[in-house]
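>>> sharing a sequence plus its predicted fold:
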Amino acid sequence: MKGKPLHERISDLTSLLMAPIYAGGGIYLIASSSSFRLFPVGSFWRYLLASVLILYGIYRGYRGWINWKRNQRAS
């Protein structure tokens, strides 16, 4: 068998594509003045959620990149 099955490669690609979306959502929460009235501007919880989104985006991108590189080496 050559490389990973298609569904696993799609999962890795999805991780790589979702990483900037999560990080971008966190940056948007910090930079914008609108949060759909969920968190007021300058709120501790707003910045906490933004930080978690950014960190999760970085983690997911790193994990997806490592899996992608591992697949390239194995092929």
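Nice, thanks for sending it over.
>>> show me what contacts residue 38?
The neighbourhood of residue 38, defined by CB atoms under 8 Å, 6 or more residues apart in numbering, consists of residue 46. For the C-beta atoms, the positions are set from N, CA and C on the backbone; glycine is no exception.
>>> can you give me the helices in the protein?
Listed in chain order, the helices found in the chain under DSSP state H are 6-31, 44-74.
>>> output these as JSON lines; include the columns distance to residue 38, mean pLDDT and mean neighbour count.
Output for the helices of the chain, formatted as JSON lines (distance: least, CB to CB, whole Å; pLDDT from 0 to 100; neighbours: other CB atoms under 10 Å):
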{"stretch": "helix 6-31", "distance to residue 38": "9", "mean pLDDT": "89", "mean neighbour count": "14"}
{"stretch": "helix 44-74", "distance to residue 38": "8", "mean pLDDT": "89", "mean neighbour count": "14"}
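>>> closest to residue 37 out of the ones you listed?
helix 44-74 (11.4 Å; CB to CB).
>>> got the angle between the closest one and helix 6-31?
Angle between the axes of helix 44-74 and helix 6-31 is 150 degrees (criterion: axes from the mean of the first three to the mean of the last three CA atoms, to 10 degrees).
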